[in-house]
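**Student:** Sequence first, then the predicted structure, then my questions.
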Amino acid sequence: MNTETIAIDIKKVQKSRINEFDAKNIVFGTQFTDHMLIADCVNGEWQTPQIVPFGEISYNPALASLHYGQTIFEGMKAFKNDDGEVFMFRPLDNHKRFNLSAERMCMAQVPEEIFIGGLEELLRLDSAWIPQGEDYSLYLRPFMFASDVYLGVRPSHNYRFMIIMSPAGKYYAEPPKVKIETEFIRAAPGGVGYAKCGGNYAASLYPAKLAAQQGYTQLLWTDALTHSKFEESGTMNVMFVIDGKLVTPKTSTTILKGISRDSLLKIAVDLGFEIEERDVTVDEIVAGIQSGVVTEVFGAGTAVVVSPFAAIGYEGEDFFLPAITADSVSSKLKGKLDAIRIGKDADSHGWVWKVN
């Protein structure tokens, strides 16, 4: 099979719901396009994928993934330019990372033909759902879960892979205020921090709830052993502008290999910025904000793209960062990334995938 010839059984909706979609009032992850893809892996053999109308699915209460969390996902985006052309951004990298997560969670590998071919066919069917304009996109959510009906603890023999799609606008209405987390952890060495598995996100909800009660939008996660080094922020990689340099923690088994992170680092080099991938300590950043050496701290991820922070909370005190302007490093990086993703600027890295 290849992405052009893969056989997909398609059942189209009788009537599109596109007229119910209000592109001016998008709340992330609440509206979904007309169709979804389903592909089952039965005892190691992938069955013919199906595209069906978006809707509910039903399962036995003994479904293995409901009990033991054998589930993974990816986050991607598609864009439409002024000429109506549709693009995905680095889908092969998402596919590679998806299967890396699958390997860590002892799940089936999803063939490229199903992953990429399924995305392309869905986008051809539902391209009218892609909102156009700055900060608008169609969020793509491939995911997979164990589908055995069995209460014993072992890797599932069967898996279901699905793709759903949701129109997306700007994630945060205003720059978030984040809290440095020094009690709870997101990941530990030897664990699953580098995998996009559901449990990583479930475990973050309680500390995020506590932070929200204190007036913070998100958390800055620190290392599990000493709580002295930054790792990620919420569901994002984190980046710092220190004395004009773009600095970010190096990836490891506790830090997700973010595709947005990698893209921004490469764009920074293209734009002439010096970059550093290294340990970044809490003390360095707190002192740097106070002295003015640290001028920007921002999250980077598929959903948020680039999200500059307004303030960082630590030990009961808030440290405010300078307001972001058009000349800020994060603004320049985001502007270049956005231009590449919709085909306005040359794609020298081969990142953009046109959907024909």
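**Tutor:** Perfect, I can see it now.

**Student:** Secondary structure class of N19, three-state.
**Tutor:** Assigned with DSSP: H, G, I helix; E, B strand; the rest coil, N19 falls in the helix class.

**Student:** Where do the domain boundaries of this structure fall?
**Tutor:** What the record gives for the chain is the domain set 9-168, 177-340, from automatic domain parsing.

**Student:** Quick one: end-to-end distance for the longest one.
**Tutor:** End-to-end distance of domain 177-340 (Cα to Cα, to the nearest Å): 29 Å.

**Student:** What of the first one?
**Tutor:** One end of domain 9-168 to the other measures 27 Å (Cα to Cα).

**Student:** so how far is E284 from the residue lying farthest from the centre of the chain?
**Tutor:** Distance from the centre of the chain peaks at S291, with 32.9 Å (Cα atoms, centre = their mean). S291 sits 10 Å away from E284, taking Cβ to Cβ, to the nearest Å as the criterion. In this view, the C-beta of every residue, glycine as well, is placed from N, C-alpha and C.

**Student:** Relative to N356, which of the domains of the chain is closest?
**Tutor:** Judged by Cβ to Cβ, the one of the domains of the chain that comes nearest to N356 is domain 9-168, at 8.0 Å.

**Student:** Could you check how far that closest one is from the centre of its chain?
**Tutor:** Between the centre of domain 9-168 and the centre of its chain there are 13 Å (Cα atoms, centre = their mean, to the nearest Å).

**Student:** Then stretch 263-271?
**Tutor:** Between the mean C-alpha point of stretch 263-271 and the mean C-alpha point of its chain there is a distance of 19 Å (Cα atoms, centre = their mean).

**Student:** in it, what counts as buried?
**Tutor:** Residues of stretch 263-271 classed as buried by neighbour count (16 or more other Cβ atoms under 10 Å): S263, L264, L265, I267, A268.

**Student:** for stretch 221-236, same thing?
**Tutor:** Going by 16+ other Cβ under 10 Å, stretch 221-236 has these buried residues: W221, T222, D223, A224, K229, F230, E231, E232, S233, G234, T235, M236.

**Student:** if we can go back for a sec, possible to save the domains of the chain as a markdown table with mean pLDDT and distance to W353?
**Tutor:** As requested, the domains of the chain are arranged in a markdown table below (pLDDT from 0 to 100; distance: least, Cβ to Cβ, whole Å):
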| stretch | mean pLDDT | distance to W353 |
| --- | --- | --- |
| domain 9-168 | 96 | 4 |
| domain 177-340 | 96 | 12 |
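
**Student:** Can you convert those domains into JSON lines and add a column each for distance to D347?
**Tutor:** What follows is the domains of the chain, written out as JSON lines (distance: least, Cβ to Cβ, whole Å):
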{"stretch": "domain 9-168", "distance to D347": "9"}
{"stretch": "domain 177-340", "distance to D347": "5"}
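
**Student:** Break down the stretch 101-250 of the chain into its helices, ranges please.
**Tutor:** Secondary structure of the stretch 101-250 of the chain by DSSP state H, counting those that start in this stretch: the helices cover 112-125, 198-202, 205-213.

**Student:** for those helices, which one sits closest to E85?
**Tutor:** E85 sits nearest to helix 112-125 of all the helices of the stretch 101-250 of the chain, at 11.2 Å, using Cβ to Cβ.

**Student:** which helices and strands does the closest one pack with?
**Tutor:** Helices and strands touching helix 112-125, as assessed by 3 or more Cβ pairs under 8 Å, 6 or more residues apart in numbering; DSSP states H and E, comprise strand 35-42, strand 50-53, strand 76-80, strand 86-89, helix 91-104, strand 137-146, strand 158-168, strand 352-355.

**Student:** now that helix against helix 91-104, angle please.
**Tutor:** Compare the direction of helix 112-125 with that of helix 91-104 by axes from the mean of the first three to the mean of the last three Cα atoms, to 10 degrees and you get 130 degrees.

**Student:** Identify each buried residue in helix 112-125, please.
**Tutor:** Residues of helix 112-125 classed as buried: 112-123, 125 (neighbour count, 16+ other Cβ under 10 Å).

**Student:** from these, which is closest to S101?
**Tutor:** Distances from S101 to those, taken as Cβ to Cβ, are shortest for F115 (12.4 Å).

**Student:** give the contact list for the closest one.
**Tutor:** Contacts for F115 (Cβ atoms under 8 Å, 6 or more residues apart in numbering) come out as P91, N94, H95, F98, P142, F161.
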